[in-house]
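Colleague: from the sequence below, what's the structure:
(chains A and B)
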Amino acid sequence: MPLRPAVRRAIIAVPFFAAIGLAVHLDHQPLGAVTDPGHPGFALHDATAAAGLHFVHHRARFDARLANIEPHVAALGASVSVVDFDGDGWPDLYFTNSRFGEPNALYRNRGDGTFEDVAASAGLADLNRPGEGVSMGAVWGDFDNDGHEDVLVYRYGYLSLFRNVDGHHFEDVTEKAGLKRWMNSNGAIWIDYDRDGLLDLYVTGYFRSDIDLWHVATTKIMHDSFEFATNGGKNLLFHNLGNGRFEDVTDKMGVGSTRWTLAAASADFNGDGWPDIYLANDYGPEELYLNDHGRRFVLSSAGLESESKSGMSVALGDAFNRGTLDAFVTNISERGYIFQNNNLRLNQMLETGRFRNVAEGAVADAGWAWGAQFGDLNNDGSNQLFVANGFISADPNVNYWYAMSKIAGANGRLFEDASSWPAFGNASLSGYEHARVYMNRGLAGWVDVAQRVGVTNSYDGRAVALADLSNRGAVDVIVANQNQPAVLYRNHPDTANHWIGLKLVGTRSNRSAIGAEVVIEASGMTQRRIVDGGMGFASQNDRRLHFGVGRRDWVDRVVIHWPSGTQQTLQHLAVDQILTVTEPGR
Amino acid sequence: MNAAAETSVTGQGVQSGWRERGRQIDPRYLIAGLITLVLVVAQFRYHVVGGYERLVLTLLICTLTETLLSWFERGRVVNLQSAYISGVSLTLLLKPQGSVLWPFALAGFIAIASKYVLRYRDNHLWNPTNFAIVALLLAAPSRVSVLSHQWGNDLLTNLVIWTFGLVIASRVRVLHITLTYVACFLVLNSARAAMLGQPVLPEIAPITGPMYQLFIFFMITDPRTVVRGRGKQIAVVVLIALAETLIRLASDRGWPLPTAFNAAPALVALALVGPVAKWFDLRLASPTRTPS
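Modeller: The predicted structure is shown next:
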């Protein structure tokens, strides 16, 4: 007997409502693994006060014509970089500030777990002045190979290069070096792109360089697209001439992207021996510039151009112990409004000429994510990921996302003009978010263990840097928070695991060994790391490389790929030591 | 020479021939053509789809669901044009968290099944794409968002869509709906801006966005869910625009609304007003049931 229409409709209604119910159910499922199957193997304790770190970042104040969106425009500038500026073997910390009159801080590591701010006596404190701009970050490198790490401070304003005179005092050599350039920059890296043993500089542009944010000639200073903008500041490459001077070779080398770059990192991604440049661009796709034997860079279509997002940071690390440097790029996610998703891109340049995005579940969504770094926090031989996040925490009851949604899809000419943006007031925008600490749990994916290991604050994180601050075989985490206090997490890994640290000293290569890549092998475990000249967002890790090796009692082999092209192999190394390796001569 | 050949020898004959043939095209084919154009332009210019597996899955689910349910309910398989339009629209509009595919599968099924479940007098009440997206935004806001800035924010793409959209809307005789909505949006949101003491531009900016292009050409003009009669259609569109403005006002005031209301007020307004209007329209109409 045929069914009546009402009965048929009722039968169809069952899976229909079940589908809606299933959507509700899936919405409430945790991202990734339901429960973390294992013990993290480390704990991070907030040791900021105990260490004597009292740095508080202050955001910039700009031209009154930008007042309606000043919290947004001035939402960057908290940075941290690690350097042993006095060569005493203890990593020190440099934080930047972003308001006129507010000093930057250079914290000297006393070696007893405490720090003292010596920025004023070193000449690196008073860098935020009208007419010169405010600091947005710093990168350290020994550009003159004299054994002392020098520093470039990039600003919304003039670049500043300081030569480390004697390990205690710094001399402003910007003019002499030919670097007195006004840029609105949020990032820079040291890179020896031509492998001549001298560190060159790549500085990224954000706002156009003709804009003085304190005296704007026009309010048309913003991006003209949320995902395909090319009207940002031009990135610049400066070639180190070796006589204390730098030459702008941007156009000659073909690396003058105008895509609102927020972060750059460099490594030899395609294994040809020449350092390439990876860019995380706000309002646009990531870019990979492959180095053609130091003669020029070629913008590569490595699978990055098809996904346009808001790249905030790029961290390089061996995500799956494959012996290659993969890229983790942070983006924006906000419930119900936008899911740009972070990218965890596996480097398959040698096999396919491309990167493959494998970010799934929890690691794909960290909120409005900023700086990130790969590091072996539990010394088990594999990397964890520390991700800072949160954009603007103000009034928790006023959310700017609704206002943002009005213009996000609109025509670019409208929001290119800052005066067309809805007034920000005291609203929050992805504020009060918590940092993430991801562990790779194999089939269970990347699991967030932040709360379990003790990372619980909800500051607006920006820069993250890693360093073994106490030379004890534990990677500590330093986070610079926007308009808020910096935080030092002292790491307490399980003591059963072993580790090895490598301090590289270049001879034919630049003395800082920036760009050197090291692969270690220990009882079936492989791990690659790079000495970075700036990585993440507005940050730079310790030049010394830290490898966890788990329960292994020795390291079978260490292969060092020096920037000069020299390859050095060390065998059968004891664990639980920091080894200084000097590059072999000719 | 036959009659058809004779017609084609004069220019006027050629024109009237094309025009006649144009008139004979099923409007659904024109709309399907337009949405395909939108898809192709958006994908090649902005990679807006985010993976072809999304498109394939959504189209597959939509057409399969339509095939099965129409056969089950009516004993025959209906024209799949509508399922195709829903599939493409959902692929363009849904932006899920990560690389998950289930929102596309569920949205495809919910969209098509809604036509068979949520009915009155043999008519479905909701535009299927509109219903599915609003349902998912309400049911799964932690996993689903709607198309926003992924479209490039430039004028050229919108011009292409508007050019073809206006021609086709005119041909399908729904142009008055599109234009009424646009006029209402501009007037009501300008008034809202004045009321709030805010600049007008940010308040009227959304209509230049991609979600609105799909909304004004494919959702509020859906021939199967609009009320009958030009006057009534205009009245309903005014009500939809009014509802949207009220939602925006509530968002402006910081009312604790579900995120869907803040993120996609136009879609929510249509989902709230459209079916009620359609229900009244059907109820007030002749008791004779319209063929489905």
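
Colleague: so how far is residue A:151 from the nearest residue to residue A:268 once chain neighbours are set aside?
Modeller: Nearest residue to residue A:268 in three dimensions, chain neighbours excluded: residue A:275, at 5.6 Å (Cβ to Cβ, 6 or more residues apart in numbering or on different chains). (Each C-beta comes from the backbone N, C-alpha and C, glycine too.) According to Cβ to Cβ, to the nearest Å, residue A:275 and residue A:151 sit 20 Å apart.

Colleague: let me know the pLDDT of the closest residue to chain B within the stretch 151-300 of chain A.
Modeller: Closest contact between the stretch 151-300 of chain A and chain B, by Cβ to the nearest Cβ, is at residue A:226 (3.4 Å). We have a pLDDT of 88 for residue A:226.

Colleague: same check, this time on the one 5 residues further on
Modeller: Residue A:231 is assigned 96 on the pLDDT scale.

Colleague: let me see the contact set for residue B:153.
Modeller: Residue B:153 sits next to A:224-228, A:409-412, A:415, B:209 when contact means Cβ atoms under 8 Å, 6 or more residues apart in numbering or on different chains.

Colleague: helices and strands around the helix or strand hosting residue B:57, which ones?
Modeller: Taking DSSP states H and E as the criterion, residue B:57 maps to helix B:52-74. Packing contacts for helix B:52-74, counted by 3 or more Cβ pairs under 8 Å, 6 or more residues apart in numbering or on different chains; DSSP states H and E, involve helix A:5-27, helix B:81-93, helix B:102-117.

Colleague: any idea of the mean pLDDT for the shortest one?
Modeller: Meaning helix B:81-93. Per-residue scores along helix B:81-93 average to 94.

Colleague: residues in contact with the helix or strand bottoming out on mean pLDDT in chain A?
Modeller: Lowest mean confidence among the helices and strands of chain A (mean pLDDT, DSSP states H and E): strand A:308-309, at a mean of 78. Strand A:308-309 is contacted by residues A:227-228, A:284-286, A:329, A:331-332, A:340-341, A:343, B:46-47, B:150 when judged by Cβ under 8 Å, 6+ apart.

Colleague: quick one on the thing from earlier: mind putting the contacts of residue B:153 into a markdown table with secondary structure, distance to residue A:92 and neighbour count?
Modeller: Listed next are the contacts of residue B:153 as a markdown table, based on DSSP: H, G, I helix; E, B strand; the rest coil; distance: Cβ to Cβ, whole Å; neighbours: other Cβ atoms under 10 Å in any protein chain shown:
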| residue | secondary structure | distance to residue A:92 | neighbour count |
| --- | --- | --- | --- |
| A:224 | coil | 41 | 21 |
| A:225 | coil | 41 | 22 |
| A:226 | coil | 39 | 28 |
| A:227 | coil | 39 | 25 |
| A:228 | coil | 41 | 22 |
| A:409 | coil | 46 | 25 |
| A:410 | coil | 46 | 25 |
| A:411 | coil | 48 | 19 |
| A:412 | helix | 44 | 22 |
| A:415 | helix | 41 | 27 |
| B:209 | coil | 48 | 25 |
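
Colleague: in JSON lines, list those residues along with distance to residue A:170.
Modeller: Listed next are the contacts of residue B:153 as JSON lines, based on distance: Cβ to Cβ, whole Å:
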{"residue": "A:224", "distance to residue A:170": "39"}
{"residue": "A:225", "distance to residue A:170": "40"}
{"residue": "A:226", "distance to residue A:170": "40"}
{"residue": "A:227", "distance to residue A:170": "40"}
{"residue": "A:228", "distance to residue A:170": "41"}
{"residue": "A:409", "distance to residue A:170": "47"}
{"residue": "A:410", "distance to residue A:170": "46"}
{"residue": "A:411", "distance to residue A:170": "47"}
{"residue": "A:412", "distance to residue A:170": "42"}
{"residue": "A:415", "distance to residue A:170": "41"}
{"residue": "B:209", "distance to residue A:170": "49"}
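
Colleague: does residue B:31 touch residue B:218 like I think?
Modeller: Yes - assessed by Cβ atoms under 8 Å, residue B:31 is found in contact with residue B:218 at 6.9 Å.

Colleague: list residues touching both of these two?
Modeller: Both residue B:31 and residue B:218 are in contact with residue B:85, where contact means Cβ under 8 Å, 6+ apart.

Colleague: list the contacts of stretch B:105-118.
Modeller: In this structure, residues lying in contact with stretch B:105-118 by Cβ under 8 Å, 6+ apart are A:9, A:12-13, A:15-16, A:19-20, A:22-23, B:57-62, B:65-66, B:69-70, B:73, B:82-83, B:86-87, B:90, B:94, B:124-126, B:128-129, B:131-133, B:135-136, B:275.
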